[in-house]
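K.L.:
take this sequence and fold it.
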Amino acid sequence: MANRRHKSDNALRPALKHKSIPPVMSAGNPLALTTHPDLYLIIISHQNPNSETHLLLSQNIVCSLSRPFKRAYIAAVTHSRKFQVSGEDYPCIRLDWWHSDALVIILKVIHHHPDAFPNIEKLDFKTFWGIPATLETLQIDLSRWFVRYFEYWKPKKLEYGYEPWLIVGKVFDCDEDYARLSAKIIVEFAGWGEDGGWLKGPEGTKMLNSDEDLKMWEGWAPRDIMEKMKMEQERLLDEVTNCLRAWYRHVVHLKTSRQGVCTCSPVDDCVIVGRSLIQRLKANSLIHRSHQHVHYRGSVVDLRRILQPTEAQLQRMFGSFGYGRCKVYDSMRHTIKEVDEVLTKVKGFNYDGTEEEFDIYSLCRSQISLPWSNGQLGILAAVVVLIFTVVVIFVWSILKALLGGLCALETII
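P.N.:
So this is what the prediction gives:
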């Protein structure tokens, strides 16, 4: 298992900021993780500020394993921040920690506490992925001690709600499906670049063990990976929207030059389909008469879905036949082809800096494939079976009638 690459001290300093503490405070019954403690730690849950965990630790153990803890300890000693237990003063560190439960588990492990390792079935994923996140922040290389939990959750890494696997995979040095997961998030999640740092998951997806809509905080992935994912998502949206706007300008040109008519249908089918597509593009603020550029905030998958009705209408009207002489039809087919060419090269990123390319259909085919396309073979098979059944019944009826006639003739003779 590869050694963890330490971040700079400055990058980790905010994680261990502590609130102002009076010079001496007294406590009730803190949990002692060692028989000879010389450091008092107060952990405040970032998700539940009213919850505090009080621990007595060995400063030699935590400071030797974690440079951020060593800095915090030096600050506590320098500023005489102390906590009093049974009349004895201890240097005190006070942490506001996002993964407070995971931090307690790690501290128990490094102090060899008998209750350090919880049962696999009792450790939910939210607490589990907080362990590698905390190890990464504290710069402690103890991932090998938690491998059994890693193997237990590994099969779910591509399921909705398990997006923090981007942190887990990096800390446990596992690149299996890592790039695929990052690519799925790039095309399926929306809200990139908006204030708040939350990304919205696909419609209908939920948070783990909750009825809340699926969201992903940007901190659930390594910072460098998240920046690359943002850039890739922006590239895909820009290239696809440029294709759609280029098509709209072409349609306007055909209309002004009096070529915007359908030459393959007497009822202007292509023109009707084209108008419907323009209305959807305008409804999503993708095109404007004033040619203003508005950044699309939806997901890449949602953007591709805008073309689905057009694709379905063209297939059902014309099947697989080409109508190259109809400029309206040809322009729509060409645009759909251009968009799909862009989306066949979605970049996914590994934690080691390497890249992989994926076709969007291999990432989320069920979300963007036409129902008609998915069922074409099934429908064709059903039609063939139905025709065959009708033919068999018809032939059997004729044979039955002929045999019945022969039997009647034999009786008469």
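
K.L.:
now the strands for the chain?
P.N.:
Taking DSSP state E, the strands of the chain run over residues 24-26, 31-32, 39-45, 52-57, 82-85, 88-97, 198-200, 215-217, 346-349, 355-358.

K.L.:
out of those strands, which gets the lowest mean score?
P.N.:
Between the strands of the chain, the one with the least mean pLDDT is strand 24-26; it has a mean of 45.

K.L.:
so the spatially most central residue of the chain versus G87, what's the distance?
P.N.:
In the chain, the residue lying closest to the centroid (CA atoms, centre = their mean) is I185, at 3.1 Å. The spacing between I185 and G87, counted by CB to CB, to the nearest Å, is 54 Å. No exception for glycine: its C-beta is placed from N, CA and C like everyone else's.

K.L.:
before we move on, what about E232?
P.N.:
From E232 to G87 the distance is 59 Å (CB to CB).

K.L.:
show me which of these two is the more surrounded one.
P.N.:
E232 (21 against 6; other CB atoms under 10 Å).

K.L.:
please name the nearest non-neighbouring residue to the more buried one.
P.N.:
Spatially, and ignoring its direct neighbours in sequence, E232 is nearest to K347 (4.9 Å; CB to CB, 6 or more residues apart in numbering).

K.L.:
I figured the one you found hits D359, correct?
P.N.:
No - K347 sits out of contact with D359 when judged by CB atoms under 8 Å, with a separation of 11.7 Å.

K.L.:
and those two? Which one has more around it.
P.N.:
Legend: neighbour count by other CB under 10 Å for K347 and D359, higher for K347 (19 against 13).

K.L.:
roughly how far apart are that one and C364?
P.N.:
15 Å.

K.L.:
grab the nearest non-local neighbour of L307.
P.N.:
I336 (5.7 Å).

K.L.:
could you report the pLDDT at the one you found?
P.N.:
For I336, pLDDT reads 93.

K.L.:
OK, contacts around it?
P.N.:
By CB atoms under 8 Å, 6 or more residues apart in numbering, the residues touching I336 are L307, T310, E311.

K.L.:
in helices, which of those residues appear?
P.N.:
Counting by DSSP state H, the contacts of I336 place T310, E311 in helices.

K.L.:
neighbour-wise, which of the contacts of I336 leads?
P.N.:
E311 (23 neighbours).

K.L.:
over to the residue lying closest to F150 once chain neighbours are set aside: give its phi and psi.
P.N.:
Spatial nearest neighbour of F150, excluding adjacent residues (CB to CB, 6+ apart): F172 at 5.1 Å. The phi and psi torsions at F172 (degrees, to the nearest 10) take the values phi -90, psi 10.

K.L.:
ditto for S299
P.N.:
Per degrees, to the nearest 10, the backbone of S299 is at phi -90, psi 170.

K.L.:
state the distance from the closest residue to it other than its chain neighbours to P202.
P.N.:
Distances taken as CB to CB, 6+ apart place A190 nearest to S299, at 4.1 Å, with adjacent residues excluded. To P202, A190 is 9 Å away according to CB to CB.

K.L.:
could you name every residue contacting both of the two?
P.N.:
Common neighbours of A190 and P202 (CB under 8 Å, 6+ apart) are S299.

K.L.:
in the chain, what secondary structure element scores lowest on mean pLDDT?
P.N.:
Of all helical and strand segments in the chain, the minimum by mean pLDDT, DSSP states H and E falls on helix 9-12, at a mean of 37.

K.L.:
poorly predicted segments of the stretch 201-350 of the chain, please.
P.N.:
Applying pLDDT under 70 to the stretch 201-350 of the chain flags the ranges 259-268, 289-295, 316-325.

K.L.:
and the gap between T34 and L135?
P.N.:
20 Å.

K.L.:
hang on, the earlier thing: contacting residues around the residue nearest to F150?
P.N.:
Contacts of F172 (CB under 8 Å, 6+ apart): M1, P132, S143, V147, F150.
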